[in-house]
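K.L.:
Using only what follows, build the 3D model:
(chains A and B)
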Amino acid sequence: MADSPRVALFVTCLVDLFRPSVGWAAVELLEKAGCRVEVPEPQICCGQPAFNSGDRRTTEELARQTIPALEPYDFVVAPSGSCAGMLRRHFPELFDDDPAWKARARAVADKSWELVSFLVDVRGMSEPPGGFAGRVTYHDSCSGLRELGIKAQPRALLRAISELELVEMEGCEVCCGFGGTFCVKYPEISTKMVEDKARRAEATGAELLLAGDLGCLMNIAGRLARRNSTLAVRHVAEVLAGRLETPPIGVGRVG
Amino acid sequence: MEPTSLAFRERATRALADPVLSTALARLETGWQAARARAAADLPEFEALRDAAVAIRDHALAHLDFYLEAFERRFTERGGVVHWARDAAEARAIVLELCRAARARTVTKSKSMVAEEIGLNAFLEAHGLRVIETDLGEYIVQLAGEVPSHLVGPAVHMTRERIAELFAKAHGGPPKQDSAALVAEARRVLRQRYLEADVGITGANFLIAETGSIVTVTNEGNAELTQGLPKLHIAITGIEKVVPTVEDAFVLLRLLARSATGQEFSAYTTFLTGPKRPDERDGPEAMHLVLLDNGRTRMLGGPMRAMLRCIRCGACMNHCPVYLAAGGHAYGWVYPGPMGSVLTPHFVGIEKSWPLPNASTFCGRCEEVCPVRIPLPGLMRLWREEAHRRGLAPPAARFGLALWAFFARRPPLYRFATRIAVALLGAFGRRRGRFARLPFARGWTESRDFPAPEGSTFTAQWRARRGTGR
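P.N.:
Numbering: from 1, shown residues only, chains lettered A, B, ... in the order given. Next comes the predicted model:
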């Protein structure tokens, strides 16, 4: 297993639907790190929309649907801090009254990782295959930062890219206002939060904003576009893998 | 106070349009957030203190009956009188009865969130008593006829100009523009009130079981003047405030000021152990303590017991991006911010407050800074579960969730439906890469573009290219 672990890519619903290139970037990075990657089914969603809406029953049903698919693998890796956090921190809590399922959830939780922290902390990656020339700023998504302690890993890999200049924005650890359904339940507050984020990101003079969660990225990209900003937005995996042929988030294809 | 928490979104929206409030709230972010970070960084054992504080609070709560009775014994031995109040109405009646027995006309009061919780001021005033708040922030809020918007800084939502106007109206003379002059004016006016008061009412930050002491913490010394000058001192607090020993109280005190304002210690910390004794010159002749339950024992026996660890420092709201956008009044009852979003449903009912636990992105900063590590997002989620069970969310939200769940639980159908939807959206959005308007996502597209999907799903691409997986 040490040589080439079998890794289940938990691609996440947002990447699956909106930005498959992030999924392919993740595949490339994992393969570069010596993993055999598979995409087991069924994997629809980690269940956060139900979990955070208080719909415990649907959350449990989705977890029961997902866990068996992930069990056969050495690791489960998701290109998202919040989905990985759901698998790692919250799946076991769902089954406090069901010891058999709790054990299964715990076993899956213990081998579940967010992509970048997996590459650095488990696979020891220090030189990403990708590249980018220019000034970049990084937004710390809340769940990855606070549930999984992801802070240094993406920065270490980005700093290893020779022509990339990383400039920190003020309040890089402050929430962008996405919060799953929060952004449509409280759009006015969410807008204030993402406006603050957009301004602070623009103030760095960076040409590209990166983060590890597509939800935050779509929110920030959507606000930047509404502000007619020239600041582009991508998932950090795209830069680390060097897969930049897809236009940045929210940018159209020419021709 | 009748809660208006159901109107959270409307009130928050109004607050966002108020430039004065926005400026005031931005000061919290640059001021108290930074101050707390410095204070925490300057104390090497800060994180260890937090662990110790959790252990102290959990132990005290696990043996609450024992420590409360121990406290009562000591407090009584020192000449104090304990009154147990099951709910707000009982607590108010006890305080009024004590004031009447003392033939009181004027009452001074130092800051007490429990007094706010039971609506004490309005009740006493309705029964003919004159009540004067002596904490500067509370005094300002009282002059304005408002309620506190923050646990520690009741008037954080106000500007100096507004305060100057209020003072000019209440005290006469031209409005002063200088903070020092305003403070001096409040001090001069309040000094007279302390001397006139028949009764002084304070809260209590902690109760110490081994000594029977009440601990009060202020930056203005107003609790000392409130309780020490009149003949009768009435303290009122929740039953959860008791800790076993003086040492325990110091662990919590070291965290309280640092977490609240970044101070190492508050300017005035007083341990009150009984009324004036025969050989003493100062102090009240009688000391009464009203211990309020008001649903706390229910919390103690339920899944939200950790909330009772709270020491009311306000760090959760100082660091909450939602509070900093909406301001304290949007929360619509006594306790604002993340701690209020957990407490308010306990006190007023989830049916009157369900928007509050939903008003969080679960970003987790509140839990990160809470000195007693209360899992605030997790507790808010428990309230969301209760709200979901009772079907309190708006029909559109419930329908959307149910529709999504219907598909998500049927993977083949989900794959089929999403493939079509993504292809359609992808085709329409391909050129611009985003939508300025979408009929089913108005909450999003009012203020943001909606990034278009690439056009096919990852799982479909994977099956086409690699063909593995089950």
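K.L.:
With adjacent residues omitted, what lies nearest to residue B:156?
P.N.:
Spatially, and ignoring its direct neighbours in sequence, residue B:156 is nearest to residue B:150 (4.6 Å; C-beta to C-beta, 6 or more residues apart in numbering or on different chains). All C-beta atoms are positioned from the backbone trio N, CA, C, and that covers glycine.
K.L.:
scratch that, residue A:184 is what I was asking about
P.N.:
residue B:443 (3.4 Å).
K.L.:
what does residue A:175 give?
P.N.:
residue B:363 (3.6 Å).
K.L.:
thinking again about what came up before, which residues does the residue nearest to residue B:156 contact?
P.N.:
The contact partners of residue B:150, by C-beta atoms under 8 Å, 6 or more residues apart in numbering or on different chains, come to B:28, B:156, B:157, B:314, B:317, B:328, B:336, B:337.
K.L.:
Can you name the helix or strand that it falls in?
P.N.:
Residue B:150 is part of no helix or strand, with elements assigned from DSSP states H and E.
K.L.:
For the stretch 151-255 of chain A, what lies in contact range of chain B?
P.N.:
Counting by C-beta under 8 Å from any C-beta of the partner chain, the residues of the stretch 151-255 of chain A close to chain B are A:173-175, A:177-195, A:218-219, A:221-223, A:225-226, A:246-247, A:249-253.
K.L.:
Can you select the buried ones from those in PyMOL?
P.N.:
Burial among these is assessed by 16 or more other C-beta atoms under 10 Å in any protein chain shown; the matching PyMOL selection reads:
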select buried, chain A and resi 174+175+177+178+179+180+181+182+183+184+185+186+187+188+189+190+191+192+193+194+195+218+219+221+222+223+225+226+246+249+250+251
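K.L.:
For residue A:222, list the residues it contacts.
P.N.:
Taking C-beta under 8 Å, 6+ apart, we find residue A:222 in contact with A:194, A:250, B:434, B:444, B:448, B:449, B:450, B:451.
K.L.:
Next, the residue nearest to residue A:127 when sequence neighbours are not counted: phi, psi?
P.N.:
Closest residue to residue A:127 apart from its sequence neighbours, by C-beta to C-beta, 6+ apart: residue A:160 at 5.3 Å. Dihedral angles of residue A:160 (phi, psi; degrees, to the nearest 10) stand at phi -80, psi -10.
K.L.:
pLDDT score assigned to residue A:2?
P.N.:
Note for residue A:2: predicted pLDDT of 57.
K.L.:
what about residue B:363, how many neighbours?
P.N.:
When neighbours are defined as other C-beta atoms under 10 Å in any protein chain shown, residue B:363 has 27 of them.
K.L.:
Which stretches in chain A count as strands?
P.N.:
For chain A, the strands defined by DSSP state E cover A:6-9, A:36-38, A:75-78, A:112-114, A:134-138, A:164-166, A:208-211, A:232-235.
K.L.:
can I get those in CSV with mean pLDDT?
P.N.:
Converted to CSV, these look like this (pLDDT from 0 to 100):
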stretch, mean pLDDT
strand A:6-9, 98
strand A:36-38, 97
strand A:75-78, 98
strand A:112-114, 98
strand A:134-138, 98
strand A:164-166, 98
strand A:208-211, 98
strand A:232-235, 98
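K.L.:
Now render the ones you listed as JSON lines, adding mean neighbour count and distance to residue A:154.
P.N.:
Below are the strands of chain A laid out as JSON lines (neighbours: other C-beta atoms under 10 Å in any protein chain shown; distance: least, C-beta to C-beta, whole Å):
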{"stretch": "strand A:6-9", "mean neighbour count": "23", "distance to residue A:154": "18"}
{"stretch": "strand A:36-38", "mean neighbour count": "18", "distance to residue A:154": "20"}
{"stretch": "strand A:75-78", "mean neighbour count": "26", "distance to residue A:154": "14"}
{"stretch": "strand A:112-114", "mean neighbour count": "26", "distance to residue A:154": "10"}
{"stretch": "strand A:134-138", "mean neighbour count": "19", "distance to residue A:154": "6"}
{"stretch": "strand A:164-166", "mean neighbour count": "17", "distance to residue A:154": "9"}
{"stretch": "strand A:208-211", "mean neighbour count": "24", "distance to residue A:154": "8"}
{"stretch": "strand A:232-235", "mean neighbour count": "26", "distance to residue A:154": "11"}
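K.L.:
Out of those, which is closest to residue A:150?
P.N.:
strand A:112-114 (5.8 Å; C-beta to C-beta).
K.L.:
what comes into contact with the closest one?
P.N.:
With contacts defined as C-beta under 8 Å, 6+ apart, strand A:112-114 is touched by A:10, A:70, A:75-81, A:84-85, A:87-88, A:121-122, A:144, A:148, A:150, A:212.
K.L.:
Distance from the chain centre to stretch B:293-302, please.
P.N.:
Distance of stretch B:293-302 from its chain centroid, counting by C-alpha atoms, centre = their mean, to the nearest Å, is 17 Å.
K.L.:
oh sorry, the question was meant for stretch A:183-192
P.N.:
21 Å.
K.L.:
cool, stretch A:180-199 as well?
P.N.:
19 Å.
K.L.:
circling back: out of the contacts of residue A:222, flag the one nearest to residue B:255.
P.N.:
Among these, and counting by C-beta to C-beta, the member closest to residue B:255 is residue A:194, at 32.9 Å.
K.L.:
domain assignment for the chain?
P.N.:
Unless you meant another one, I'm taking chain A. A:6-121, A:126-241 (automatic domain parsing).
K.L.:
that's the wrong chain, I wanted chain B
P.N.:
Chain B breaks down by automatic domain parsing into domains covering B:1-42+B:314-393, B:44-298, B:396-465.
K.L.:
just those domains: most buried one?
P.N.:
Highest mean neighbour count of the domains of chain B: domain B:1-42+B:314-393, a mean of 21 (counted as mean count of other C-beta atoms under 10 Å in any protein chain shown).
K.L.:
End to end on that domain, go ahead and measure it.
P.N.:
Taking C-alpha to C-alpha, to the nearest Å, domain B:1-42+B:314-393 runs 24 Å from one end to the other.
K.L.:
And that domain, how far out from the chain middle?
P.N.:
Using C-alpha atoms, centre = their mean, the mean C-alpha position of domain B:1-42+B:314-393 is found 8 Å from that of the whole chain.
K.L.:
same deal with stretch B:60-67?
P.N.:
The chain centroid and the centroid of stretch B:60-67 are separated by 23 Å under C-alpha atoms, centre = their mean.
K.L.:
and it, C-alpha only, in CSV?
P.N.:
Written as CSV, here are the backbone C-alpha positions of stretch B:60-67 (Å, rounded to 0.1, in the frame of the first residue of the first chain):
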residue,chain,number,x,y,z
ALA,B,60,-19.5,22.5,38.4
LEU,B,61,-22.4,21.8,36.0
ALA,B,62,-22.2,18.1,36.6
HIS,B,63,-22.6,18.7,40.4
LEU,B,64,-24.6,21.9,40.2
ASP,B,65,-27.0,20.9,43.0
PHE,B,66,-24.1,20.2,45.3
TYR,B,67,-22.3,23.5,44.6
